[in-house]
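1. heads up, no residue letters with this:
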């Protein structure tokens, strides 16, 4: 019973499958690039002890997406389980660009990925 409830809680929305689908779209929100990385120990501790985001107890991975849509671009960060499931469909952090400068979006995306690999995502302000 507990195992089934845990599975329901951590897999309500699958952000990884959504990013894979968005990658091949031609119109509307289009995912330029995405990464799926494990959460480091310091970031996991900060995520669990943060008062703003208490609903991610099963998060073990980060999903980072770079989106392009009309005149804005976004980088969205989701905490996920190992199969891409999340408890809510809203990201933990969004970085929004008001122009279509794809190079700037991809440079910031690389910076976010490097920070997550070195386990200092919560300490950095973008």
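-> Yes, it's here. What you see is a predicted model, and the numbers here were worked out from it, not measured in a lab. Residues are numbered from 1 along each chain as shown.
2. which intervals of the protein have sub-threshold pLDDT?
-> 1-2, 5-12, 26, 28-29, 51-55, 100, 126 (pLDDT under 70).
3. hey, which helix is longest across it?
-> helix 102-117 (DSSP state H).
4. list the buried residues for that one?
-> 105, 108, 109, 112, 113, 115, 116 (16 or more other CB atoms under 10 Å). (Glycine included, C-beta is placed from N, CA and C.)
5. touching, the fourth one and residue 121? I think so.
-> Yes - the pair residue 112 / residue 121 is scored as a contact, 7.4 Å apart, by CB atoms under 8 Å.
6. residues in contact with the residue lying closest to residue 38 once chain neighbours are set aside?
-> With sequence-adjacent residues excluded and distances taken as CB to CB, 6 or more residues apart in numbering, residue 38 is closest to residue 61, at 5.4 Å. Contacts for residue 61 were tallied using CB atoms under 8 Å, 6 or more residues apart in numbering; they are 36, 37, 38, 39, 79, 80, 81, 82, 84.
7. ok, back up a step: which neighbours do residue 112 and residue 121 have in common?
-> The contact sets of residue 112 and residue 121 overlap at residue 77 (CB under 8 Å, 6+ apart).
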